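> Here is a sequence with its predicted model. Questions after.
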Amino acid sequence: GEDVEQSLFLSVREGDSSVINCTYTDSSSTYLYWYKQEPGAGLQLLTYIFSNMDMKQDQRLTVLLNKKDKHLSLRIADTQTGDSAIYFCAESSGSARQLTFGSGTQLTVLP
Amino acid sequence: ETGVTQTPRHLVMGMTNKKSLKCEQHLGHNAMYWYKQSAKKPLELMFVYSLEERVENNSVPSRFSPECPNSSHLFLHLHTLQPEDSALYLCASSQDLANEAFFGQGTRLTVV
């Protein structure tokens, strides 16, 4: 089946930039998403990018897509303690356009 | 608050019990989903409903039985579960199958 991979952990200092990386295998992916999950909560859609775009910026968030390498990244500028959470990369494809998720990256922001 | 509400938030059940998880959305969405989130594993898509019809069933054991009585409600009926079924069960909805999904808070299920 299709696969989405992320590194499991990332630690950054408050005020630094965080970059969370994701690779996927499905070349027919149409949308790629970043979700955030805080402890005890469901997944919150942060941003998404259509597969014909290279970059999307939304306030502190920048999404970069390298379609050739099937690589997606999420950059969080000026990372705050409230950004500590698990970040999931997901791609949308298939007849039902279901989401395939990575295992999530646990972001820890150190003071 | 995403507009997708799941109840209960926490559930402990024995292996011989029957229980149901409920999901409700008033976003006017046409598609609803059940996902299972286990520790250190990718989110697993269990079921997909579009316009109240099941369009996807990803090899889920029959001890999980979904029901979609209308486009606003989705249930997951549980019976004779195993301890390894303990997980966070997430419901999501989207406008249509091709649109981004909005998730509920999840139900933390523990099978004892």
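That came in fine, so what should we check first? Residues are numbered from 1 along each chain as shown, chains lettered A, B, ... in the order given.

> Which residues of chain B lie near chain A?
For chain B, the contact set with chain A under CB under 8 Å from any CB of the partner chain comprises B:2, B:4, B:6, B:33, B:40-43, B:45, B:48, B:50, B:55-56, B:90, B:92, B:97-98, B:100-106, B:108. C-beta here means a position set from N, CA and C on the backbone, and glycine is covered the same way.

> Could I get the buried residue list for the helix or strand where B:P69 lies?
Under the criterion DSSP states H and E, the helix or strand holding B:P69 is strand B:64-70. Neighbour counts using 16 or more other CB atoms under 10 Å in any protein chain shown place B:F64, B:P66, B:C68 of strand B:64-70 among the buried residues.

> before we move on, the earlier item: so of the residues of chain B next to chain A, which ones are in strands?
B:4, B:6, B:33, B:45, B:48, B:50, B:55-56, B:90, B:92, B:102-103, B:108 (DSSP state E).

> Low-confidence stretches in the chain?
Picking chain A for this. A:1-2, A:94-97 (pLDDT under 70).

> that's the wrong chain, I meant chain B
B:1, B:40, B:98.

> follow-up on the earlier one: could you export the buried residues of strand B:64-70 to JSON lines, including columns for distance to A:L61?
Formatted as JSON lines, the buried residues of strand B:64-70 follow (distance: CB to CB, whole Å):
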{"residue": "B:F64", "distance to A:L61": "35"}
{"residue": "B:P66", "distance to A:L61": "34"}
{"residue": "B:C68", "distance to A:L61": "34"}
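
> Tell me the residues of chain A that contact chain B?
A:4, A:8, A:30-31, A:33, A:35, A:40-45, A:48, A:88, A:90, A:92, A:95-104.

> Of those, just the buried ones, PyMOL syntax please.
Buried residues within the residues of chain A next to chain B, by 16+ other CB under 10 Å, are selected in PyMOL with:
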select buried, chain A and resi 4+31+33+35+41+42+43+44+45+48+88+90+92+96+97+98+99+100+101+102+103+104
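
> Pretty sure A:N52 sits in a strand.
No - read with DSSP: H, G, I helix; E, B strand; the rest coil, A:N52 is coil and lies in no strand.

> separation between the spatially most central residue of chain B and chain A?
With distances taken as CA atoms, centre = their mean, B:W34 lies nearest the centre of chain B, 3.2 Å away. Applying CB to the nearest CB, to the nearest Å, the value for B:W34 to chain A is 11 Å.

> Next up, the contacts around that residue.
B:C23, B:L45, B:M46, B:F47, B:P66, B:L74, B:L76, B:Y89, B:L90, B:C91 (CB atoms under 8 Å, 6 or more residues apart in numbering or on different chains).

> hang on, isn't the fourth one packed against B:Y33?
In other words, B:F47. Yes - under the criterion of CB atoms under 8 Å, B:F47 makes contact with B:Y33 at 6.8 Å.

> which one of the two has more residues nearby?
B:Y33 (26 against 23; other CB atoms under 10 Å in any protein chain shown).
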